[in-house]
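**Student:** how would this look folded up:
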Amino acid sequence: MSYISLKDIKKIYMEGEENQVNALDGVDLEIELGEFVAIVGQSGSGKSTMMNILGCLDVPSYGSYVLDGTPVEELTSRQLASIRSHQIGFIFQGYNLIPSLTVAENVALPLTYQGVPRAERMARAAEALEMVDIAEKAENRPTQLSGGQQQRVAIARAMATASPVVMADEPTGALDSKTGAQVLQILKQLNDMGTTVILITHDLSIAANAKRVVTMQDGKLISDIAGSDVRLESAGGK
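**Tutor:** Predicted structure coming up:
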């Protein structure tokens with residue numbers, strides 16, 4: 001069985017009303033451990049809703065989502081929070097760092113919710129910062145860092161949780177092309193270490209860095225191809 005399995009997932013807002021929105025409309029998707037998958041689509045395609053469902057930030061209106069053998073739709077809010085703490089790491093476009101905490105404290109924060117002792121939290125934070133080559137900024141505040149540095153901290157925070165899945169929502173969206181390429185390289189290295197990476201983006205050229213690219217449109221999954229095929233198509237044909 002796949003680590004992530006979506007069957008006929010539907011997410012409906014304002015159901016039964018005149019302005020009903022079918023944000024997801026019968027999505028089937030299987031993701032194995034260790035994959036690097038990009039979910040790509042323009043605004044309104046359903047990719048953000050898909051991220052929220054996959055990340056257990058929201059639940060589907062209909063259909064089945066099985067994560068590591070567990071039917072997600074049967075879980076309580078507390079159980080969903082536990083999954084977000086232990087099984088899924090998040091990287092957001094806006095970094096979501098807490099200004100009053102140091103870089104190291106930001107990275108260690110999710111481990112608090114995992115019940116990890118302080119000494120181990122800080123050790124794991126230091127190791128993660130070293131892996132993304134920003135250990136020298138451990139005692140700085142986020143506001144003292146560039147956008148690229150803040151995104152590295154956000155990646156380190158996800159890495160420190162040792163979650164089997166990391167979800168990255170438009171992780172290069174606020175960065176220049178050079179810094180964005182560096183962030184994508186870190187995500188590739190994270191995947192090479194065995195972490196399942198799910199990249200959400202509107203940009204096909206960014207999605208092409210993944211090993212597999214799933215395209216969404218109008219709440220439906222319309223294609224599922226290899227990232228190398230996307231690169232070939234972008235170059236003008238196979």
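**Student:** going forward, measure contacts between C-alpha atoms and count neighbours the same way
**Tutor:** Fine.
**Student:** Give the burial count for residue 188, as a bare number.
**Tutor:** For residue 188, the count of nearby residues is 17 (other C-alpha atoms under 10 Å).
**Student:** looking at this, it is in a strand?
**Tutor:** No: read with DSSP: H, G, I helix; E, B strand; the rest coil, residue 188 is helix and lies in no strand.
**Student:** And it, how far from residue 198?
**Tutor:** Remark: distance between residue 188 and residue 198 (C-alpha to C-alpha, to the nearest Å) = 11 Å.
**Student:** likewise residue 12?
**Tutor:** 23 Å.
**Student:** swap in residue 108?
**Tutor:** 22 Å.
**Student:** can you list the weak-confidence ranges in the protein?
**Tutor:** 231-238 (pLDDT under 70).
**Student:** okay, which residue is most central for it?
**Tutor:** By C-alpha atoms, centre = their mean, the mean C-alpha position of the chain lies nearest to residue 167, the distance being 1.2 Å.
**Student:** With neighbour numbers in mind, choose between residue 12 and residue 198.
**Tutor:** Just comparing residue 12 and residue 198: by other C-alpha under 10 Å the higher neighbour count belongs to residue 198, 26 against 16.
**Student:** Quick check: which element contains the residue nearest to the centre of the chain?
**Tutor:** strand 165-169 (DSSP states H and E).
**Student:** Off-centre distance for stretch 39-51?
**Tutor:** Distance of stretch 39-51 from its chain centroid, counting by C-alpha atoms, centre = their mean, to the nearest Å, is 13 Å.
**Student:** How far does that stretch stretch from one end to the other?
**Tutor:** End-to-end distance of stretch 39-51 (C-alpha to C-alpha): 9 Å.
**Student:** ok, and what's touching it?
**Tutor:** When contacts are defined by C-alpha atoms under 8 Å, 6 or more residues apart in numbering, stretch 39-51 is touched by residues 11, 23-24, 167, 169, 198-204, 207, 213-220.
**Student:** Residue 72: how many residues sit nearby?
**Tutor:** By other C-alpha under 10 Å, 20 other residues sit near residue 72.
**Student:** related to what we said a few turns ago, cross the contacts of stretch 39-51 against strands and list the overlap.
**Tutor:** Secondary structure from DSSP state E places 11, 23-24, 167, 169, 198-201, 213-217, 220 of those in strands.
**Student:** Most neighbours of all these, which one?
**Tutor:** residue 24 (28 neighbours).
**Student:** Let me know the distance separating the closest residue in space to it that isn't next to it in sequence from residue 202.
**Tutor:** Among residues not flanking residue 24 along the chain, residue 219 sits closest, at 4.1 Å (C-alpha to C-alpha, 6 or more residues apart in numbering). From residue 219 across to residue 202, the span is 14 Å (C-alpha to C-alpha).
**Student:** Repeat that for residue 72.
**Tutor:** Noted for residue 72: a distance of 27 Å to residue 202, by C-alpha to C-alpha.
**Student:** now residue 40
**Tutor:** From residue 40 to residue 202 the distance is 5 Å (C-alpha to C-alpha).
**Student:** more crowded one of these two?
**Tutor:** Set residue 40 next to residue 202 and count neighbours by other C-alpha under 10 Å: residue 40 wins out with 27 against 21.
**Student:** Thank you, goodbye.
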